[in-house]
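Engineer: here's a sequence, model it:
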Amino acid sequence: MSHSPAPDLRAHYDAMWERAWPAVALGDVDCDTHLGGGLDPRRGMTLIARPDPALAARLEHVQDRLAGADPRQYRQPRADLHVTILSLFTVTEDYAPHLARRAGYTAAVRAAVDGLPAFDIDFDGITISRGAVLARGFPRDGTLELLRTRLRDALRARGLDGMLDQRYRLVTAHSTLLRFIAPPAGPARFAAVLAELRGMPLGTMHVDTPQLVVNDWYMSSAAVESIEAFPLRRHVP
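Structural biologist: Below is the predicted model of the structure:
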């Protein structure tokens, strides 16, 4: 079925690009200092969705192109690729009190997903921040936003919203592909590849079983602990 991505979400991704492009094109990037220091000791709890093998392969192709322009940057490993549905609490070094309420968080997710159908996110090109390169996701309908709203409400009802939306209110459906750990060695070459990839169609993520996990900032496989998977209602033809 043909569809058009929500204009406000496309405008959001475009605004991200326009804010970051003048600096990134000159090699002026925000380098992640944690990535060079071994395993991230911080933990959070997040409801995520994972790409299927076909989409993961397309995302890896984009990463290959970026690595060809500058291999020193951190590429999100295939096993770590994901879309954040909602961060229930943001990663922190003081995570023990939050994990002690794991049952409450799990119950909130269970209540939020109850009766919701599976949904699709189309990935079309990339956007950038000064710290990362992101694949742009466009939900086909309002299910993702409804799930986020219901989950925020369920957390609030249980007194678990103290660290909700601490950094910003999540509205996108992106997947992080690359993080900068050093200024690009050849900024012009790297910028040219970014421009070529900006509108590349990438495929679709079918979200039918969101996963609740404990995670570090990077959703590293070594740190991720699966709590529970939540099957969504299947589409009825």
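
Engineer: what helix or strand does Val91 sit in?
Structural biologist: Using DSSP states H and E, the secondary-structure element containing Val91 is strand 83-92.

Engineer: adjacent strands (with direction) for that strand?
Structural biologist: Take DSSP bridges as the rule and strand 83-92 pairs in its sheet with strand 43-49 (antiparallel).

Engineer: report the contact partners of Arg198.
Structural biologist: Residues near Arg198 by Cβ atoms under 8 Å, 6 or more residues apart in numbering: Trp17, Gly125, Ile126, Thr127. For glycine as for every other residue, the C-beta is placed from the backbone atoms N, C-alpha and C.

Engineer: please apply the same query to Tyr95.
Structural biologist: Counting by Cβ under 8 Å, 6+ apart, Tyr95 has contacts Arg42, Arg43, Gly44, Phe89.

Engineer: quick check: the last one touching Met163?
Structural biologist: Yes - taking contact to mean Cβ atoms under 8 Å, the distance of 3.9 Å between Phe89 and Met163 places them in contact.

Engineer: next, show the common contact partners of these two.
Structural biologist: Between them, Phe89 and Met163 share these contacting residues under Cβ under 8 Å, 6+ apart: His98.

Engineer: how far does stretch 108-121 sit from the chain's center?
Structural biologist: Mean C-alpha position of stretch 108-121 versus that of the full chain (Cα atoms, centre = their mean, to the nearest Å) differs by 18 Å.

Engineer: which parts of it are buried?
Structural biologist: Buried residues in stretch 108-121, counted by 16 or more other Cβ atoms under 10 Å: Ala108, Val109, Ala112, Val113, Leu116, Phe119, Asp120, Ile121.

Engineer: what's the answer for stretch 35-51, then?
Structural biologist: Across stretch 35-51, burial judged by 16+ other Cβ under 10 Å covers Asp40, Arg42, Arg43, Gly44, Met45, Thr46, Leu47, Ile48, Ala49, Arg50, Pro51.

Engineer: got a pLDDT number for the second one?
Structural biologist: pLDDT recorded at Arg42 is 95.

Engineer: neighbours around the closest residue in space to it that isn't next to it in sequence, how many?
Structural biologist: Take Arg42 and drop its neighbours on the chain: the residue closest to it by Cβ to Cβ, 6 or more residues apart in numbering is Val91, 4.1 Å away. Residues lying near Val91 (other Cβ atoms under 10 Å) number 21.

Engineer: nearest to Ser175, of the buried residues of stretch 35-51?
Structural biologist: Pro51 (7.0 Å; Cβ to Cβ).

Engineer: mind checking the SS state of the closest one?
Structural biologist: Under DSSP: H, G, I helix; E, B strand; the rest coil, Pro51 falls in the coil class.

Engineer: and it, how far from Pro201?
Structural biologist: Remark: distance between Pro51 and Pro201 (Cβ to Cβ, to the nearest Å) = 14 Å.

Engineer: next one: Ala11
Structural biologist: For Ala11, the distance to Pro201 - Cβ to Cβ - is 19 Å.

Engineer: do Leu116 as well
Structural biologist: Leu116 is 27 Å from Pro201, by Cβ to Cβ.

Engineer: any idea which helix or strand carries Leu177?
Structural biologist: strand 175-179.
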